[in-house]
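Asks: test case, fold it:
(chains A and B)
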Amino acid sequence: MKKHRGELEIDEDIQLESNSWKIQRVAWVIMALVIIAALLGFTGDGGIGNLQSLKAGDSSELLEVEYERFLRRSAPAEIKVKLAPSTSNSLTDLHLSKDFYEKFQIDKVVPEPSEVYTHEQGITYSFTTANQPFSVTFYLTPKGMGSLPLHFSTDKKKVAITQFIYP
Amino acid sequence: METVIRGLVLYVFLMIIFRISGKRTLYEATVFDFVLLLIIAETAEQALVGEDHSMMNSFVLIITLLLADISLSLLKQKYNYFGKVLDGVPVILLDDGKVLHEQLKKVRVDEADIMESARALRGLERLDQIKYAILEKDGKITIIPKDQEQKEIEKV
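Replies: Okay, the predicted model is just below:
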């Protein structure tokens, strides 16, 4: 053990300590940046100005998806889809890619679809309509983690979105 | 498997976050620090356990945390420098009666804190009775009084 002034036995390492002070200062800045990112919504759960709440597709072409860019695992999430009624069929179909039901626990779909079935490409919801544009809200709980590309399609149009699920 | 990962991730995260917060953070148990500690514990508990409230989960979790702790202490013992980086080293705050203001500022301690320890540990009344004040790695301040003071105390 080193001796300080020839009497005090102490394991002082001022070099290491002053390095760690520098690292601490940098870390505090990083902590502040994390909070700013959280306030801006980059860690999920909304944020100032709803910057991470995105829309894909086009409401004039009548398939529009409203979603949050960042989600958190096990935290409730929502996806809202605006649809035009099918002209050829009494039921309007909405097709979703396979990841949708594999990475999400689907808690509730409003309105209730008349038919739901899965197939090789994914899952299809069929809705009865009043022959005017309508919207469908999916209440979800993310189960997976990481980047999640999703495809929404009707008979005419296709929209792709990518969400990110934090652990 | 998830329990083990959760446990280890949180262990490492807490270790890093408390290391970079500095020694004195949460050491002094003022009322507010106590409340803060409780809130942090509660928040961490949710991330640790998640929705799985089974006994097996808590067994695995406890074993994971303890094993992480044991392995870390073994590592610290084997590699001295690793331990120093992880726990920090003691810092001399008051050197042979001279207050090192630069050090005080860096570790966020003031003379009142030193006097508090001096009173509590040694029953000293004035700053000039102290020879050395050291901020230990656990955040405690230890005091070594000047020799003459020690003799006076012994006389009484």
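
Asks: for chain A, what's the nearest residue on chain B?
Replies: Distances between chain B and chain A by C-beta to the nearest C-beta are smallest at B:Ile20, namely 3.7 Å. Placement of C-beta: from N, CA and C, glycine included.

Asks: look up the closest residue to A:Asp58, ignoring the ones flanking it.
Replies: Closest residue in space to A:Asp58, ignoring its immediate chain neighbours: A:Glu64 at 6.3 Å, by C-beta to C-beta, 6 or more residues apart in numbering or on different chains.

Asks: from chain B, how far off is the one you found?
Replies: Distance of A:Glu64 to chain B, computed by C-beta to the nearest C-beta, to the nearest Å: 33 Å.

Asks: state the helix or strand in which that residue lies.
Replies: A:Glu64 is located in strand A:63-68, with elements delineated by DSSP states H and E.

Asks: go on, A:Gln105?
Replies: With DSSP H and E as criterion, A:Gln105 is part of strand A:104-110.

Asks: what does that strand contact?
Replies: A:76-77, A:100, A:125, A:136-144 (C-beta atoms under 8 Å, 6 or more residues apart in numbering or on different chains).

Asks: switch to 7 Å and redo it
Replies: A:125, A:136-143 (C-beta atoms under 7 Å, 6 or more residues apart in numbering or on different chains).

Asks: in strands, which of those residues appear?
Replies: Per DSSP state E, strands hold the following members of these: A:125, A:136-142.

Asks: need the residues you listed in a markdown table (columns: neighbour count and distance to chain B).
Replies: As requested, the ones in strands among the contacts of strand A:104-110 are exported to a markdown table (neighbours: other C-beta atoms under 10 Å in any protein chain shown; distance: C-beta to the nearest C-beta, whole Å):
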| residue | neighbour count | distance to chain B |
| --- | --- | --- |
| A:Tyr125 | 23 | 27 |
| A:Val136 | 18 | 27 |
| A:Thr137 | 14 | 24 |
| A:Phe138 | 21 | 21 |
| A:Tyr139 | 15 | 17 |
| A:Leu140 | 22 | 16 |
| A:Thr141 | 15 | 10 |
| A:Pro142 | 22 | 13 |
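
Asks: let's have those in JSON lines, adding pLDDT.
Replies: Formatted as JSON lines, the ones in strands among the contacts of strand A:104-110 follow (pLDDT from 0 to 100):
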{"residue": "A:Tyr125", "pLDDT": "92"}
{"residue": "A:Val136", "pLDDT": "92"}
{"residue": "A:Thr137", "pLDDT": "94"}
{"residue": "A:Phe138", "pLDDT": "94"}
{"residue": "A:Tyr139", "pLDDT": "95"}
{"residue": "A:Leu140", "pLDDT": "93"}
{"residue": "A:Thr141", "pLDDT": "93"}
{"residue": "A:Pro142", "pLDDT": "92"}
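
Asks: helix or strand right after the helix or strand where A:Asn19 lies?
Replies: Here A:Asn19 sits within helix A:14-39, counting by DSSP H and E. With elements assigned by DSSP H and E, the helix or strand that comes after helix A:14-39 is strand A:53-58.

Asks: remind me what that following strand packs against, helices and strands.
Replies: Identification of packing neighbours for strand A:53-58 by 3 or more C-beta pairs under 7 Å, 6 or more residues apart in numbering or on different chains; DSSP states H and E yields strand A:63-68, strand A:158-166.

Asks: report the angle between that strand and strand A:63-68.
Replies: 170 degrees (axes from the mean of the first three to the mean of the last three C-alpha atoms, to 10 degrees).

Asks: please name the residues that touch A:Glu68.
Replies: A:Glu68 touches A:52-53, A:77, counting by C-beta under 7 Å, 6+ apart.

Asks: out of those, flag the one nearest to A:Gln132.
Replies: A:Ser53 (25.1 Å; C-beta to C-beta).

Asks: show me what that closest one is bridged to.
Replies: A:Glu68 (DSSP bridges).

Asks: per-residue confidence for residue 59?
Replies: If you meant another chain, say so; for now it's chain A. Each residue has a pLDDT score; the one for A:Ser59 is 64.

Asks: ah, no, chain B please
Replies: 94.

Asks: tell me how many other residues crowd it.
Replies: Using other C-beta atoms under 10 Å in any protein chain shown, B:Phe59 has 11 other residues around it.

Asks: ok, it to B:Gly83 distance?
Replies: Distance, B:Phe59 to B:Gly83, by C-beta to C-beta, to the nearest Å: 29 Å.

Asks: again, but for A:Asp58
Replies: Taken as C-beta to C-beta, the span from A:Asp58 to B:Gly83 is 60 Å.

Asks: compare these two (neighbour count), which wins?
Replies: Just comparing A:Asp58 and B:Gly83: by other C-beta under 10 Å the higher neighbour count belongs to B:Gly83, 17 against 12.

Asks: can I assume that one is in contact with B:Lys76?
Replies: Yes - using C-beta atoms under 7 Å, B:Gly83 is in contact with B:Lys76, at 3.4 Å.
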